[in-house]
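Trainee: coords please:
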Amino acid sequence: MPEVSKNINPSKIDVSLSEINDGIYRICGFDDTYGITFNQLLIDDEKPILIHTGPVGMYEKIEAKVKEVIGLEKLIYVAFLHFESDEWGGMEFLNSPGARLVCSDLSSKLNLTGWNNVPLDHISFWDNEKLNIGKATLRFIMTPHVHHWDSMMIFEENSKSLFTSDLFIQPGFNKPVISEDLSDSMIALYQAVGIFASEKPVRITSKRLEKLKPKMIYPMHGSCIDGSIFSNYVDSIMKNDFAYSGKLLGQNMEYEVA
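Mentor: The predicted structure follows:
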């Protein structure tokens, strides 16, 4: 990953919409500063849910794509999988007065009770708790220290769709769904960005997710991954070193103690 010398300008990111599975949509914008996509996932069901909102400046474009599928007044839930600006930075601008925020129990206790101007009417979930939204049933999986300590993921049990946030991401602007192995690029990105302090929780989570036998994996950055090659990505996590080793966002942070 190249040295990062400037910040993202989300308002300049173009956004596209793709239906990945029956009623599951990927809203995607590519940022050439970091060389990754920002993905939001919409499940159109009896009680529709948007997973991630994207950063503040990008949200109006994301909202326009949601409206191509459903009216905003029909959106019932908005979920974020950890507390970070690209996960829910656009929440305050959400023009869906009936929508409730969904997050992990840790996000609720650690973040939503201590910040100004955050939605107090939210629902939080702990490990293996479920939310039925119609045909789809969402199971919430706690994944502490897989990026942030409040992190969680979502597994939709009927379509076997797995929403993994910052795990199994790949750089570049590739097809909406890939069936090729880009796990080497994934590892190289993790090594340069430094988002994981330790391999251990990531490996434990990866093996747990593999046992779910997902048919489609929906990372927040990069293409959706066909379940037929999911084991390649898990194997790469198990076999390679990728935890923080002195670089953050491509910049060297190594120093000596005097």
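Trainee: pLDDT below threshold where in the protein?
Mentor: Scanning the chain for pLDDT under 70 picks out 1-8, 10-11, 90-95, 114-120, 255-258.
Trainee: show me where it has helices.
Mentor: 59-69, 85-88, 105-107, 183-193, 199-210, 230-239 (DSSP state H).
Trainee: mean neighbour count, the ones you listed: which tops it?
Mentor: Mean neighbour counts were compared across the helices of the chain using mean count of other CB atoms under 10 Å; the top stretch is helix 85-88, at a mean of 23. For every residue, glycine as well, the C-beta is placed using N, CA and C.
Trainee: hang on, the earlier thing: R139: which of the helices of the chain is closest?
Mentor: helix 199-210 (11.5 Å; CB to CB).
Trainee: show me the contact partners of that closest one.
Mentor: With contact meaning CB atoms under 8 Å, 6 or more residues apart in numbering, helix 199-210 is reached by 141, 143-146, 153, 155, 162, 164, 167, 196, 230-231, 233-234, 237-238, 241-243.
Trainee: from these, which would you call buried?
Mentor: Among the contacts of helix 199-210, the ones that count as buried by 16 or more other CB atoms under 10 Å are 141, 143-146, 153, 155, 162, 164, 167, 196, 230, 233-234, 237, 242.
Trainee: next step: these restricted to strands.
Mentor: Within these, residues falling in strands by DSSP state E are I141, M153, F155, L162, T164.
Trainee: turn the residues you listed into a markdown table, including distance to G54.
Mentor: Listed next are these as a markdown table, based on distance: CB to CB, whole Å:
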| residue | distance to G54 |
| --- | --- |
| I141 | 22 |
| M153 | 18 |
| F155 | 22 |
| L162 | 20 |
| T164 | 17 |
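Trainee: just these now: which is nearest N9?
Mentor: Nearest to N9 among these, counting by CB to CB, is T164 at 26.3 Å.
Trainee: before we move on, the earlier item: between the buried ones among the contacts of helix 199-210, which is closest to I20?
Mentor: Using CB to CB, the buried ones among the contacts of helix 199-210 come closest to I20 at L162, 12.0 Å.
Trainee: that closest one contacts P214, doesn't it?
Mentor: Yes - taking contacts as CB atoms under 8 Å, L162 lies within contact range of P214: 3.8 Å.
Trainee: what do those two both touch?
Mentor: F155.
Trainee: if we can go back for a sec, how about the helices of the chain in TSV, adding distance to C28?
Mentor: Output for those, formatted as TSV (distance: least, CB to CB, whole Å):
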stretch	distance to C28
helix 59-69	9
helix 85-88	13
helix 105-107	24
helix 183-193	17
helix 199-210	22
helix 230-239	19
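Trainee: bridge partners for F30, pull those for me.
Mentor: Assessed by DSSP bridges, F30 has beta-bridge partners T37.
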